[in-house]
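[1] model the following, please.
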Amino acid sequence: MGTSGLLSLQRAINTTGHNIANVNTEGYSRQRVNFDTLPPQLHGSHYMGTGVTTGSVERVYNQYLAGEVRERTSSQAGFEAFHQLSSRLDNLLADPAVGLAPALDDFFGALQGVSNNPGSLPEREALLGEAQVLADRFHYLHGNFSDLGAQVNARIDSAVLDINSLARGIADLNQQVVSATATSGGQPPNDLLDARDQLIDELSARIGIATTTEANGAINVMIGNGQSLVVGFTSSQLQTFTDPLDSNRTLVGGDGPGGIVDLGRFLGGGELGAVLDFRQQVLEPARNQLGLLAAGLAA
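    Modelled structure (predicted):
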């Protein structure tokens with residue numbers, strides 16, 4: 001009885017030391033030892049206790065809270081990406097030196113001057129000068145819109161690379177978790193579980209996800225409207241490709257029966273979802289409005 005108690009206590013001390021050593025380790029969950037009472041033995045007419053043993057070492061982990069954190073992480077990462085890109089566009093359009101509003105004001109002011117005094121040569125020259133400034137401003141803004149579109153494409157490429165790498169890592173850790181659990185007779189491989197959860201957390205910052213847990217302990221990850229990204233030990237890979245209707249536009253897709261299928265309209269959450277939303281909801285409408293305004297002035 002004394003031996004089992006000492007061994008159990010040593011296991012608890014070792015676990016405490018492990019917790020202290022990893023206090024600054026990102027993604028680490030504190031571990032605790034669960035003790036079980038050994039079966040009593042009958043001595044004469046009485047049962048006597050036989051001591052204690054270590055039942056298991058488990059993580060101090062709340063699955064519900066982990067899911068909430070991932071949801072908030074996805075929202076926060078998406079907000080930051082959307083805000084960064086929107087701020088660049090806002091600063092460009094609102095800049096008093098290179099924005100469109102001052103050039104339009106000056107152009108219409110010169111136009112009013114010619115209207116008030118149509119025979120004045122200086123007024124006409126001023127109008128031509130302001131018209132050239134306005135045309136240059138449209139070209140400048142168009143170039144910056146194109147640059148911002150290229151930045152969007154680059155962020156899409158980067159996010160997809162990260163998503164694919166994280167998905168492979170989660171699938172690999174699924175295999176390690178299942179194997180380690182089976183080898184240990186059902187004991188949880190806590191450090192492997194932490195490593196997998198950290199990858200899932202990082203993935204949630206890139207894209208909105210949903211997860212399910214299989215009976216063997218593997219975690220499946222879905223994106224979009226239910227597309228499987230990780231199933232057991234296998235991960236799917238997102239792909240980027242050029243829009244066949246616009247060579248300056250990068251799309252996100254996955255393998256389908258007839259080739260690559262565009263998944264962009266289904267993907268949301270995280271950095272990737274925010275970048276796609278920014279392009280569709282802000283950048284492209286603003287660029288179209290700029291083109292319509294330029295065409296209207298030229299007509």
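
[2] find the nearest non-adjacent residue to residue 271, please.
    Spatial nearest neighbour of residue 271, excluding adjacent residues (C-beta to C-beta, 6 or more residues apart in numbering): residue 81 at 4.5 Å. C-beta: built from backbone N, CA, C; applies to glycine.

[3] check which helices and strands whichever strand or helix holds that neighbour sits against.
    Per DSSP states H and E, residue 81 falls inside helix 63-94. On a contact count with 3 or more C-beta pairs under 8 Å, 6 or more residues apart in numbering; DSSP states H and E, helix 63-94 meets helix 100-116, helix 121-183, helix 190-206, strand 209-213, helix 270-278.

[4] what angle do the second one and strand 209-213 make?
    It stands for helix 121-183. 10 degrees (axes from the mean of the first three to the mean of the last three C-alpha atoms, to 10 degrees).

[5] distance from helix 121-183 to the middle of the chain?
    Distance of helix 121-183 from the chain centroid (C-alpha atoms, centre = their mean, to the nearest Å) equals 15 Å.

[6] let me see the mean pLDDT of that helix.
    Averaging pLDDT along helix 121-183 yields 91.

[7] and what of the third one?
    For helix 190-206, mean pLDDT is 94.

[8] what do you get for the shortest one?
    Per-residue confidence for strand 209-213 averages out to 94 on the pLDDT scale.

[9] now do that strand: distance to the chain's middle.
    15 Å.

[10] now it - C-alpha only, PDB.
    Extracted in PDB, the C-alpha atoms of strand 209-213 (Å, rounded to 0.1, in the frame of the first residue of the first chain):
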ATOM      1  CA  ILE A 209     -14.400  26.100 -39.400                       C
ATOM      2  CA  ALA A 210     -16.600  23.500 -37.800                       C
ATOM      3  CA  THR A 211     -15.300  20.300 -36.200                       C
ATOM      4  CA  THR A 212     -16.500  16.900 -35.200                       C
ATOM      5  CA  THR A 213     -14.800  14.200 -33.200                       C
END
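
[11] so what strands line up beside it?
    Note on strand 209-213: by DSSP bridges, its sheet partners are strand 219-223 (antiparallel).

[12] list of residues touching the strand it pairs with?
    167, 170, 174, 196, 200, 203, 207-214, 228-232, 267 (C-beta atoms under 8 Å, 6 or more residues apart in numbering).

[13] what remains of those if I keep only buried residues?
    Buried by 16 or more other C-beta atoms under 10 Å: 167, 170, 174, 196, 200, 203, 207-211, 228-231, 267, out of the contacts of strand 219-223.

[14] most neighbours per residue, which of the helices and strands packed on helix 63-94?
    Among the helices and strands packed on helix 63-94, helix 270-278 has the highest mean neighbour count (mean count of other C-beta atoms under 10 Å), at a mean of 25.

[15] what's the angle between it and helix 63-94?
    40 degrees.

[16] report the buried residues of the helix holding residue 81.
    For helix 63-94, a neighbour-count test (16+ other C-beta under 10 Å) marks 70, 73-75, 77-78, 81-82, 85, 88-89, 92-93 as buried.

[17] list the contacts for the residue most central in space within the chain?
    Centroid-nearest residue in the chain, with C-alpha atoms, centre = their mean: residue 206, separated by 1.4 Å. Residues counted as contacts of residue 206 (C-beta under 8 Å, 6+ apart) are 77, 159, 162, 163, 166, 270, 271, 272.

[18] so the first one makes contact with residue 271?
    Yes - Residue 77 lies in contact with residue 271 (C-beta atoms under 8 Å); the separation is 5.1 Å.

[19] which residues are in contact with both of the two?
    Common neighbours of residue 77 and residue 271 (C-beta under 8 Å, 6+ apart) are 205, 206.

[20] where is the longest strand in this protein?
    Using DSSP state E to define each element, the chain has its longest strand at strand 246-256.

[21] buried residues, that one. List them.
    By neighbour count with 16+ other C-beta under 10 Å, strand 246-256 contains the buried residues 249, 250, 251, 252, 253, 254.

[22] you'd agree the second one is up against residue 240?
    Yes - counting by C-beta under 8 Å, residue 240 is a contact partner of residue 250 at 5.3 Å.

[23] overlap in contacts, those two.
    Common contact partners of residue 250 and residue 240 (C-beta under 8 Å, 6+ apart): 156, 157.

[24] excluding its backbone neighbours, what's nearest residue 220?
    Residue 220 sits nearest to residue 212 (C-beta to C-beta, 6+ apart), 4.8 Å away.
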